[in-house]
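> Could you work out the structure for the sequence below:
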Amino acid sequence: FMYYRFDSGLSYTAVPLTPMGGNDFEVLLPAPAPGDEPEFYFTAQGDGGAVVNLPAGAPGSVYSFEVAILETLFSDNFQTNQGWTVVNEALEDGAWERGVPAGDGDRGDPTQDADGSGSCYLTDNVAGNSDVDGGPTRLISPAIDLSTGTAEVSYWRWFGQTGFATDDDWVVEVTNNGGASWVELERISNNHNA
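Numbers count the residues shown, from 1 in each chain. So this is what the prediction gives:
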């Protein structure tokens with residue numbers, strides 16, 4: 001059984017688990033409301049009659065989580081200008097630019113954008129000799145207010161250096177003080193796309 005409650009002041013409700021095959025089971029619960037803090041634990045009885053709790057100390061020790069509403073604060077498929085800026089330092093070629101991918105992929109460049117909408121940001125968006133020389137070139141988002149709650153950042157990226165210079169890095173950083181200092185979120189030093 002699974003025992004659950006949506007608030008620590010309530011009694012637990014027992015719900016049987018439905019076998020799904022193998023070692024998988026399913027249980028359907030009513031939807032909790034934002035701000036609820038569900039608690040739950042499991043019990044199982046073996047063939048010899050012994051009862052096992054998960055976690056081991058249940059119901060004194062239980063699993064819990066907080067229910068929240070995900071709110072998208074900023075989303076951009078790059079079909080229009082939403083305020084991104086490009087900053088180049090000692091760049092000879094390959095600045096970030098918004099557009100439809102122009103390359104044919106032979107230099108590790110993408111042949112289309114990730115979501116199929118058409119445009120994306122690329123470095124040196126030309127067919128043929130398309131890479132970053134010198135640099136760095138930085139693509140900076142518009143300011144996004146993340147002062148309330150917990151934030152999650154997600155994005156598609158394509159980073160390729162196949163058969164050519166492999167000394168470039170892909171670096172993603174965030175700042176909470178207008179760019180006075182930065183915290184690194186991701187660094188890639190070889191071919192990768194996701």
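> check which helix or strand covers the residue of the chain positioned farthest from its centre.
When distances to the mean C-alpha position of the chain are computed (Cα atoms, centre = their mean), the maximum falls on residue 48, with 45.2 Å. Taking DSSP states H and E as the definition, residue 48 sits outside all helices and strands.
> what's the nearest residue to residue 120 if we skip its chain neighbours?
For residue 120, the nearest residue in space outside its immediate sequence neighbours is residue 113; the separation is 3.8 Å by Cβ to Cβ, 6 or more residues apart in numbering. No exception for glycine: its C-beta is placed from N, CA and C like everyone else's.
> and that neighbour, which of the three is it?
Per DSSP: H, G, I helix; E, B strand; the rest coil, the local secondary structure of residue 113 is coil.
> Check residue 25 too.
When classified by three-state DSSP, residue 25 comes out as strand.
> Name all residues that make contact with it.
With contacts defined as Cβ atoms under 8 Å, 6 or more residues apart in numbering, residue 25 is in contact with 17-19.
> Next: residue 169.
Applying Cβ under 8 Å, 6+ apart, we find residue 169 in contact with 187-189.
> Let me know the closest of those to residue 26.
Among the contacts of residue 169, residue 188 lies closest to residue 26 (Cβ to Cβ), at 37.6 Å.
> in which helix or strand would I find the spatially most central residue of the chain?
In the chain, the centroid-proximal residue (Cα atoms, centre = their mean) is residue 154; its distance is 3.7 Å. When elements are assigned from DSSP H and E, residue 154 belongs to no helix and no strand.
> In terms of pLDDT, where does it sit?
If you check residue 154, the pLDDT there is 91.
> What's the separation between it and residue 168?
Spatial separation of residue 154 from residue 168 under the definition Cβ to Cβ, to the nearest Å is 23 Å.
> Please apply the same query to residue 69.
39 Å.
> Next: residue 174.
Counting by Cβ to Cβ, the gap between residue 174 and residue 168 amounts to 21 Å.
> picking up where we left off before, isn't the residue nearest to residue 120 up against residue 119?
Yes: with contact defined as Cβ atoms under 8 Å, residue 113 and residue 119 form a contacting pair (6.2 Å).
> okay, and the common contacts of the two?
Taking Cβ under 8 Å, 6+ apart as the contact rule, the neighbours common to residue 113 and residue 119 are 78, 100.
> Comparing these two, which residue is more hemmed in?
For residue 113 and residue 119, the more surrounded residue by other Cβ atoms under 10 Å is residue 113, and the numbers stand at 20 against 16.
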